[in-house]
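Trainee: Turn this into a model:
(one chain, ligands or ions: 1)
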Amino acid sequence: MIALIPSWRSLAGAAAGCTLLFVMIGIAPAAQADEPYARSRDYDLQNIRTHLWFDVDQRAIHGEVAETVAALHDNVSELKLDSVALNIQSVTVDGRAAKFTVTPNNLIVTLDRPAASGEKHEVLIRYDGKPKKGLYFVLPDSNYPNQPKEIWTQGEAEDTRYYIPLYDYPNDRTTSEMLLTVPAAWTTISNGQLIEVKTEPDGQKTWDWKQTQPLSTYLISVVAGEFTERDDSWHGIPLRYVVPRGEESRISPTFFETKDMLDLFTNKLGEPYPWSQYAQTALDDFVAEGMENTSATSITTHSLVNPALAPEDRDGADDVNSHELAHQWFGDLVTCKDWGNLWLNEGFADFFQRVWSEHRFGRDEYDFDFWRDQNQWVRQPRLFPVPIVSRDFDDSTEYQDNVYDKAGWVLRMLREKLGDDAFYAALHRYLEVNKGQNVVTADLQKAVEQATSVNVDKFFEQWVYGAGAPKFDVSYIYDPDAHQVKLTVKQTQKVEGRVGLFDVPVDIEIATSKARQTHTIEVSQASQMFTFAADDAPLMVAFDKGDKILKSLEFKRDATLLAYQLKNGATTPDRAEAAVALGPIKDDPRAVSALGDAARHDGFWGIRVEALLALGRIGGPDAEEQVLAAVRDPEPWVRSVAVSELGNFKDDDSLPSKLSKIAESDPAYTVRAAALGALASVHAPDAFAMLAAAAKSESPDNILRDAALRGLGRLGDIRAVPVLMDWAAPGKPIESRQAAIGAVASLDKSNAVITKTLVSYLSEPYFDIRLSAIFALGARGDTDAIPPLENMLKNGELTVAIGPYIELALRLLKSQPVVAR
Ligand SMILES: [Zn+2]
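Mentor: Next comes the predicted model:
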């Protein structure tokens, strides 16, 4: 799955100049898993046939589930099922009433007589309940009367048991049938194949979905409600694109790449798409960004692409779509046996996002994406001492970026080590041998060796079972008499626990006025020196050319060398690394001019962006001139960064009028939105009036209004409070509310009415709004928010992603209150 992160970035940025908040959003709440080791099993769940119908107004379900089970050893006298807060009405075994007990977490069914190994039984359970987790109702109310009715589920990690009593841990697989009785006008989606839609005597319809290849139960999905479906097919496999009614125009710009992605992944893996359909369904108020339910992915409606904004959106919904599609093989066809091996799901999904962007945009994009992932990963020191295979579940959210970013990186390095042909042959072998099964890391290791005859034990030992990554400290001297470059390489990471010294090949590229050469060195010790022949003093010394090793790097070079590398580096990471290294070099015209040149002329958009960010950090009139020149960039995703960075140049009186003009007339909405933000950042004299006017404007997805609302928060002018309170109120569009809630939290901090209003949003039914209110209260620093947040935790705010955020907001309020009453 992908946790809800990207859509929160802008919100958190607006909520405060509070860096701790960025720490908060850097943590991806995902699988909340309680059992670090897979269970020992008494029985095998072989088939599950669930029939659900709904009391929508009561947010209640009625269920009947038939489960075929087989004893896995002799003397099995009871069947222990996972079941939470469900009201069990009756249980029969093989048609006869059975004794059962209900505990807070289990339904225990007693067998008439102990079963022998292999003995099969048919268990039928009737139940009802109002699930607090696992299954969610999104319904219209007086504030949002046009909200389509939606019922959907989110099973990962261990939440299917909140709406079906069953064996619910990934170390088992079962075939599954899902019958859903719903109003005649509704649409449903579930796993597998749609067998039939039958009209009931009362006019409702029952949809019958059948999944004939076994799945693990966290991948069961139910979607039902007022949706619109567009059908397509790919090599005879039905494709379904499903969105809430009214969102039809977003189907094409969101899902237009699905068939190409299917072609790419099947070609790379040599393993056919495994399932009998592929549905992609967008859900309102969904608790994750995406979830890879078998043959039936769910994504949040925040990821849908508005056709009016599609030309400004470089990669649309590519990330979530490619991630969840890759999971159909890695996660669904081959499933981790326990949550400690979750990287076998998420690392591959992350890696194949990048493989998709390589296919669509080229190798530059692939390398650049990984370079950015690396930077994000190294900025989180708590991840460093923990391996990606970890069973430390004290705070299961804590290490998500190891399981995603670092794990994806490990696969990048494995690809590099083996070469493309061997790497994909190894993945093919892994899937072929393990399909339909649950796996641990050793299964991957073994498949790689079998397919390639390359021993990868050491590679796995240092990168998968070991923790951290090399922290390189590099320096060199040039000896003009000997014509030699002497390179000193130190590994400065603290060697303790699971962190060791790394043994890795590193490419060094040295350019002189006469030649350019790449040397591969083997780094394995704490400190080593390498000597290279060089006919002249180097113009460039690039360490780890192409960024092939996950690492952090300290390597001081003067502006001339970095400028050369920025202009001439062979790969995007080489040039991006130089741009970042030039950023802290102030008062050196060479840095500014090299960055300005790159910002205008580099052929790759990402380098232009990195150069602009570095110029923004440098500041001053010369840097500003360079950024202004880049405001004409043809690509809106670069132009908007240039305009945002102008917000760093507060001393130029002529800047506000330039920004106003951009805010009014740039052809791209995203760039106009960035200009509104920059007007607030430079505290332009008429910024309040401009932003207040823009808050009244209409634009696709309210992009200009929301930028103006965020800007009003940043401006720090309390005249904005009434406008923001108005847009934060129930009934206004959800995304505008999120912007206004974050913005108003940073204003008039002793105003108890604002805090009270934000607290009132904690009890709204909308997940998005509750989460925004939690962020806002954490950043606001008013200790009045502590009791209601504590109550929320105590009353079991169980929704998959919220708990950890409440805890972090509380930690923030207790450690640095701004207003204490
Ligand atoms: Zn995922």
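
Trainee: Is the longest helix seen in the chain positioned near the ion?
Mentor: The residue-count maximum for a helix in the chain (DSSP state H) belongs to helix 343-361. Yes: judged by C-beta under 5 Å from the ion, helix 343-361 comes into contact with the ion at 346, 349. All C-beta atoms are positioned from the backbone trio N, CA, C, and that covers glycine.

Trainee: which parts of this structure sit against the ion?
Mentor: Close to the ion, as judged by C-beta under 5 Å from the ion, the chain has residues 1, 346, 349.

Trainee: export the residues you listed to CSV and tack on pLDDT and neighbour count?
Mentor: Listed next are the residues of the chain next to the ion as CSV, based on pLDDT from 0 to 100; neighbours: other C-beta atoms under 10 Å:
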residue, pLDDT, neighbour count
Met1, 84, 29
Glu346, 96, 29
Ala349, 98, 25
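
Trainee: and which of these is nearest Pro165?
Mentor: Met1 (23.2 Å; C-beta to C-beta).

Trainee: mind checking the SS state of the residue in the stretch 501-650 of the chain that the ion sits nearest to?
Mentor: Nearest residue of the stretch 501-650 of the chain to the ion: Leu550, at 19.6 Å (C-beta to the ion). What DSSP: H, G, I helix; E, B strand; the rest coil gives for Leu550 is coil.

Trainee: Can you verify my assumption that it contacts Leu411?
Mentor: No: in this structure, Leu550 is not within contact of Leu411 by C-beta atoms under 8 Å, at 10.9 Å.

Trainee: so how far is Ser475 from the residue lying farthest from the centre of the chain?
Mentor: Taking C-alpha atoms, centre = their mean, the residue of the chain most remote from its mean C-alpha position is Asp481, at 53.3 Å. As judged by C-beta to C-beta, to the nearest Å, Asp481 and Ser475 stand 19 Å apart.

Trainee: just Gly620 next, same as before
Mentor: 29 Å.

Trainee: And the strands in the stretch 401-550 of the chain, which stretches?
Mentor: With DSSP state E, counting those that start in this stretch, the ranges of strands along the stretch 401-550 of the chain come out as 437-439, 471-479, 484-491, 504-511, 516-523, 527-533, 540-543.

Trainee: Out of those, which one sits most buried?
Mentor: strand 540-543 (a mean of 24; mean count of other C-beta atoms under 10 Å).

Trainee: other SSEs contacting that one?
Mentor: strand 471-479, strand 484-491, strand 504-511, helix 559-568 (3 or more C-beta pairs under 8 Å, 6 or more residues apart in numbering; DSSP states H and E).

Trainee: Relative to Asp443, which of the ones you listed is closest?
Mentor: Of the helices and strands packed on strand 540-543, the one closest to Asp443 (C-beta to C-beta) turns out to be strand 504-511, at 24.7 Å.

Trainee: quick one: strands adjacent to the closest one?
Mentor: Strand 504-511 has the following strand partners under DSSP bridges: strand 516-523 (antiparallel), strand 540-543 (antiparallel).

Trainee: Show me what Thr520 is bridged to.
Mentor: Asp507.

Trainee: That one is in contact with Pro505, isn't it?
Mentor: Yes: counting by C-beta under 8 Å, Thr520 does reach Pro505; the two are 5.4 Å apart.

Trainee: For burial, what's the neighbour tally of Pro584?
Mentor: Residues lying near Pro584 (other C-beta atoms under 10 Å) number 10.

Trainee: which residue packs closest to it, ignoring adjacent ones?
Mentor: Counting by C-beta to C-beta, 6 or more residues apart in numbering, Pro584 lies nearest to Arg617, which is 7.1 Å off, once chain neighbours are set aside.

Trainee: Now the closest residue to Asn105 other than its chain neighbours: phi and psi?
Mentor: Nearest residue to Asn105, sequence neighbours excluded (C-beta to C-beta, 6+ apart): Val84, at 5.9 Å. Per-residue torsions, Val84: phi -120, psi 120 (degrees, to the nearest 10).

Trainee: can you tell me which residues contact the residue of the stretch 301-450 of the chain found nearest the ion?
Mentor: Closest approach between the stretch 301-450 of the chain and the ion, counting by C-beta to the ion: Ala349, at 4.3 Å. When contacts are counted by C-beta atoms under 8 Å, 6 or more residues apart in numbering, Ala349 touches 292, 323-324, 326-327, 330-331, 404.

Trainee: ok, now with 6 Å
Mentor: 323, 326-327 (C-beta atoms under 6 Å, 6 or more residues apart in numbering).

Trainee: can you list the weak-confidence ranges in the stretch 201-350 of the chain?
Mentor: In the predicted model, the stretch 201-350 of the chain carries no residue with pLDDT under 70.

Trainee: Appreciated, that's everything.
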